[in-house]
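**Q** Structure, please.
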Amino acid sequence: MDIPHIAIETAHRRIRKYISETPVEFCRTLSYLKRGKIYLKMENWQKTGSFKVRGALNYMLALNDHDKGKGVITASAGNHALGVAYAAELLGIKARVVLPVNASIAKVRKLRYYGCQIIQAGQDYDEAEDIAHQIGQDVDLTFVHAFDDAAIIAGQGTIGKEILQQLPETEIVVVPVGGGGLISGVASAIKKERPEIRIIGVQCAASPAMKAALREGRIVETPIDDTIADGLAGRFVSALTLELTRALVDDLVIVEEKDIRHAIRFLIDEARLLVEGAAAVSVAAVLAKKIDVVDKNVALLLTGRNISSELVARILND
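**A** Numbering: from 1, shown residues only. Just a heads-up that it's a prediction; the model follows:
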């Protein structure tokens, strides 16, 4: 199973004039240390500071006039909300976004510059999603899911299409995993064209919902511990993303909080790059020797940069 190639091609044509085609940059320091050719796909330089805008735009550009007119609502840890808010402003759609009460300060601050209504409710993403669904039903709004939707996944899949064009010699692509929408799209785009390329997902130990679902062969509720990778935190994946991940992804590895913090510091010190915790897990997996990259051409996906200065300061002072 995969997301059809034509759906990803259509998504790319639909969104390309509204997004940045982010570059793939060679990381000399990481390549030297790990004896591979390691490149960084710079979605941390994407509009809104995250890859999430791709899926949000693809979904919302395809809405009919009736659904646009109703307005939209979404739930998010922050980056998907920013993507929906950006698309809503672009298209003149009224938007409400529901974030958990402990959402990243940096993401909430950025959202205030858009014309959306911000609601903070629920202790985690899944509670925020339940609240958003209820509000959407009560006042008849179009719900934009963060990952459990084919159009959202196709939008994220445009990253895989770009990687193939920018780095055709790629042998391994490493992708952060939360609910699974990103890796489902990237893997669908890449495996259709180049099935020999290995797709490896990375989850944080604090929120291993996809790992648990793959192990059990079904969706299982997975507790969330404290994590700086807030964009990956969720108690559930979906049937769609589980099926796509099981069919297309070659491996899924887990990194610890100390590994994520190390990766953030490494990228600041050695590459002068700012990323958030969810984006750093791909680098963390390589630094922690979770993935064999020796003599391989490897693309690591950096998914976003929306991290608060307060958290950066704490990480650098650890």
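**Q** What lies in contact with the helix or strand harbouring residue 10?
**A** Using DSSP states H and E, the element containing residue 10 is helix 5-15. The contact list for helix 5-15, computed with Cβ atoms under 8 Å, 6 or more residues apart in numbering, reads 54, 57-58, 61-62, 150-151, 154-155, 157-158, 160-161, 185, 188-189, 192-193. In short, each C-beta sits where N, CA and C put it, glycine included.
**Q** Show me what the mean pLDDT comes to for stretch 285-295.
**A** On average, the pLDDT along stretch 285-295 is 98.
**Q** Quick one: end-to-end length of that stretch, please.
**A** 17 Å (Cα to Cα, to the nearest Å).
**Q** now it, how far from the centre of its chain.
**A** Put simply, stretch 285-295 sits 21 Å off its chain's centre (Cα atoms, centre = their mean, to the nearest Å).
**Q** Only whichever of the contacts of helix 5-15 are buried, select them in PyMOL.
**A** Applying 16 or more other Cβ atoms under 10 Å to the contacts of helix 5-15, the buried members can be selected in PyMOL as follows:
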select buried, resi 54+57+58+61+150+151+154+155+157+158+160+161+185+188+189+192
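**Q** got the contact list for the closest residue in space to residue 149 that isn't next to it in sequence?
**A** Spatial nearest neighbour of residue 149, chain neighbours left out: residue 59 (6.4 Å); criterion: Cβ to Cβ, 6 or more residues apart in numbering. Contact partners of residue 59, counting by Cβ under 8 Å, 6+ apart, are 87, 144, 149, 151-152, 155.
**Q** Can you say which two of those residues are spatially most distant?
**A** Greatest spatial distance in those: 87 and 149, 13.8 Å, computed using Cβ to Cβ.
**Q** So between these two, which is more surrounded?
**A** Legend: neighbour count by other Cβ atoms under 10 Å for residue 87 and residue 149, higher for residue 87 (26 against 19).
**Q** would you say residue 184 is within a strand?
**A** No. Residue 184: not assigned to a strand; according to DSSP: H, G, I helix; E, B strand; the rest coil it is helix.
**Q** how near is the nearest residue to it once chain neighbours are set aside to residue 49?
**A** Nearest non-adjacent residue to residue 184, counting by Cβ to Cβ, 6+ apart: residue 244, 3.8 Å away. Using Cβ to Cβ, to the nearest Å, residue 244 is found at 26 Å from residue 49.
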